[in-house]
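Visitor: Okay, sequence plus prediction incoming.
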Amino acid sequence: MRVDKKKIRIAEVITGLLTDSPVGRLGTTSADGYPMVKPLNFVYKGGKIYFHSAKEGEKMEDIARNNRVCFEIDFPIGFVKSTGTPCKADYLYQSVIIRGTAIVVDREDERIFALRGLMEKYQPDGGYGEFSEEKLAMTAVVRIDIEEMTGKQDLGKEAERKTLADLLVRNPWKSAVLQRS
C-alpha cells in the first residue's frame, strides 16, 4: 500500500466491512486476457468469501481457466466539498481488497452452509424455507480462500470524523457531503 497511514490496522473493522457490505466485486481474467469485474452478492463466513452462481457462464468459465481472483468491497462515506482551492476537496471511504483462490464447492454441507449464510445476510428475518434439490442441482457455490487481505480508509480530518461518526451511527451505508473550508 502506497500510503501507509490509510491502512486499516484493526481486523474487526475489516471483518465488519466484509460482514455488512451489500455488494462485492469479483475480479477474474477473461478468455481474451482482459480483467473482468462483476458485482455480486456474497457472504463472509468462517474467514472465507462465498457466493453463488449459475453453473455455466462467463464468471464460472473464468474461474475454471484461472482460479486466482481478486475481490473488492468499498464503502463510500462522503465527498468533502472544497472552497478556495480544488486541492481541499476529498472523498472519504473505506475499502477491502482480497487476493485469493476461487474454489467451486462440491461438499453438500458446505454448499448449504454458504447458501444459508447468504440468506441470513440478505433476509435476516427468515421465512425463506429450505433449499429444494432442484435449485441446489442448478446452483454453483464458490468459496474464495483468502491469501492476502488489505483494508484502506480515508476518514478525513479530525473535525470531520465526529460529524461522520454521528452520520454513520444514524444511517450506515449512506454517503454524506461535508464542507471543508
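Guide: Nice, thanks for sending it over. Numbering: from 1, shown residues only.
Visitor: What is the linear distance spanned by stretch 74-90 between its boundary residues?
Guide: Start-to-end span of stretch 74-90 (C-alpha to C-alpha, to the nearest Å) is 16 Å.
Visitor: buried set for that stretch?
Guide: Going by neighbour count (16 or more other C-beta atoms under 10 Å), the buried part of stretch 74-90 is 74-75, 77-78, 80, 90. C-beta here means a position set from N, CA and C on the backbone, and glycine is covered the same way.
Visitor: pLDDT on that stretch, on average?
Guide: Stretch 74-90 shows a mean pLDDT of 82.
Visitor: The longest helix along the chain packs against which elements?
Guide: Counting by DSSP state H, the longest helix found in the chain is helix 108-122. In this structure, helix 108-122 packs against strand 43-45, strand 48-54, helix 133-137, strand 139-154, with contacts taken as 3 or more C-beta pairs under 8 Å, 6 or more residues apart in numbering; DSSP states H and E.
Visitor: To what extent is the residue nearest to residue 21 when sequence neighbours are not counted buried, counted in neighbours?
Guide: Closest residue to residue 21 in three dimensions, ignoring its sequence neighbours and counting by C-beta to C-beta, 6 or more residues apart in numbering: residue 73, at 4.1 Å. A count of neighbours around residue 73, defined by other C-beta atoms under 10 Å, yields 22.
Visitor: From here on, call the first residue 622.
Guide: OK, 622 is where the count begins now, so the last one is residue 694.
Visitor: ok, the one helix or strand residue 694 maps to: who's next to it in the sheet?
Guide: Per DSSP states H and E, residue 694 falls inside strand 689-703. Its sheet considered, strand 689-703 pairs with strand 645-650 (antiparallel), strand 711-725 (antiparallel), strand 797-801 (parallel) by DSSP bridges.
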